[in-house]
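Novice: Predicted model and sequence below, questions to follow.
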Amino acid sequence: MIGHLYRAAGLVAAALFLLICLGSSIIFGATNFDLHTAWEAFIHYDESVREQVILRTTRMPRAFIAAAIGASLGVAGALMQALTRNPLAAPSVLGVNAGATFFILLASMVFSLSSMQVLMWISFLGAAIAAAIVYMLGSMGRDGLTPIKIILAGSAMTALFSSFTQGLLVVNQQGLNSVLFWLTGSIAGRSPDMLLAVLPYMAVCWIAALIIARDINLLMMGEDTAKSLGQRTALVKIVSAIIIVVLAGSSVSIAGPIGFIGIVIPHVSRFFVGMDYRWVLPYCALLGAILLITADLVARFIMIPEEMPVGVMTAIIGAPFFVYIARKGITKT
């Protein structure tokens, strides 16, 4: 009982801190605004007031996009680590982000597609193909799917799709400048319409992840144990894979391949609440949102008046953590 109260209190504290981060992201930047102006822009929007226009059309969408993407990548990383039983698993490591990135660039640069809805579905396709190939390669051999094999397969697919992406940019150098910032992972300049296009899919997947959390707990006990208790393990894995693909693909379609959130956040969440995924997943959503908003906020002040892409900031945070986890030699989550 005490454990549940502690976890619930932590969840409330994280939610409150997320609200503070959202407010800070809206107020602070190259130009700072006061709380009253931000509140007026949110409640009583007046298009004739320049400050409110900036807040409503730039700062607020940016903050909410960062929160949605951070939450999505955190949840996707937790599910991926649970399915593969690998603490290093994440969409950015197992080639899912790289596959989505390549397919989006292929569609936009070769076939001149620009509709957000179309690019989003193409992103889903690329993420799904990359995930399927990685799973197939990682499952080959007598031992089946192992943590080492899945990481090697993911690294290979990441390198392959990254090479394809670079090849596209070499062939079409005119489009390089328009996508270079996106390729490093960025949420700057994104419109509210971009978030609205993917938010329903993200929201459905967040809810679906919470619904299957109990099944993930059972699956973590071992596939044989889960089957003996009546669980349809294949169905749970398929649903989890769909959630991962949609969340990662949605994030890439808006902000490009932002890495390391899916690695860092699940470990931090498990540190606070243990292995119960009924708590891990909500914590991942909140902490992932907090991390990406904070990283984006810090990125605004490093090279004023220019901005550092948020993907660079998450790499600075996540790369040492990745090395730490790898050196510890953890083989199961």
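Specialist: Thanks, I have it.

Novice: For residue 217, the count of nearby residues, please.
Specialist: By other CB atoms under 10 Å, 16 other residues sit near residue 217. All C-beta atoms are positioned from the backbone trio N, CA, C, and that covers glycine.

Novice: Hmm, it is touching residue 277, no?
Specialist: Yes: between residue 217 and residue 277 a contact is recorded at 5.3 Å, counting by CB atoms under 8 Å.

Novice: any idea how far residue 108 is from residue 124?
Specialist: Using CB to CB, to the nearest Å, residue 124 is found at 15 Å from residue 108.

Novice: cool, residue 134 as well?
Specialist: Residue 134 is 24 Å from residue 108, by CB to CB.

Novice: So for the two, which residue has more residues nearby?
Specialist: residue 134 (27 against 21).

Novice: The more buried one: what secondary structure?
Specialist: Three-state assignment for residue 134 (DSSP: H, G, I helix; E, B strand; the rest coil): helix.

Novice: isn't it right up against residue 94?
Specialist: Yes: taking contacts as CB under 8 Å, residue 134 lies within contact range of residue 94: 5.2 Å.

Novice: Overlap of the contact sets of those two?
Specialist: Taking CB atoms under 8 Å, 6 or more residues apart in numbering as the criterion, residue 134 and residue 94 both touch 150, 153, 154, 157.

Novice: what about the third one, neighbour count?
Specialist: As a burial measure, the neighbour count of residue 154 was computed by other CB under 10 Å and equals 30.

Novice: And it, which helix or strand is it part of?
Specialist: Secondary structure assignment for residue 154, by DSSP states H and E: helix 147-171.

Novice: Looking at the shared contacts of residue 134 and residue 94, which is nearest residue 44?
Specialist: Distance to residue 44 across these (CB to CB) is lowest for residue 154, with 49.0 Å.

Novice: who touches the closest one in this structure?
Specialist: Listed by CB under 8 Å, 6+ apart, the contact partners of residue 154 are 89, 93, 94, 95, 134, 138.

Novice: If you drop the residues flanking it in sequence, what lies closest to the third one?
Specialist: Spatially, and ignoring its direct neighbours in sequence, residue 94 is nearest to residue 154 (3.3 Å; CB to CB, 6 or more residues apart in numbering).

Novice: Looking at the one you found now. What's its pLDDT?
Specialist: With respect to pLDDT, residue 154 has a value of 91.

Novice: now do the one 10 residues further on
Specialist: Per-residue confidence at residue 164 stands at 92 (pLDDT).

Novice: Can you tell me how far residue 201 is from residue 224?
Specialist: Applying CB to CB to residue 201 and residue 224 gives a distance of 34 Å.

Novice: the more surrounded of those two?
Specialist: Between residue 201 and residue 224, counting by other CB under 10 Å, residue 201 is the more crowded of the two (18 against 9).

Novice: Now that one, what are its backbone angles?
Specialist: Per-residue torsions, residue 201: phi -70, psi -40 (degrees, to the nearest 10).

Novice: low-confidence ranges in the protein?
Specialist: Across the chain, the ranges flagged by pLDDT under 70 are 1-2, 173-178, 329-333.

Novice: again, only this time at 80
Specialist: Across the chain, the ranges flagged by pLDDT under 80 are 1-3, 141-147, 171-181, 303-306, 322, 325-333.

Novice: which one is the residue positioned nearest the centre of it nearest to, not counting chain neighbours?
Specialist: In the chain, the residue lying closest to the centroid (CA atoms, centre = their mean) is residue 73, at 2.0 Å. With sequence-adjacent residues excluded and distances taken as CB to CB, 6+ apart, residue 73 is closest to residue 261, at 4.2 Å.
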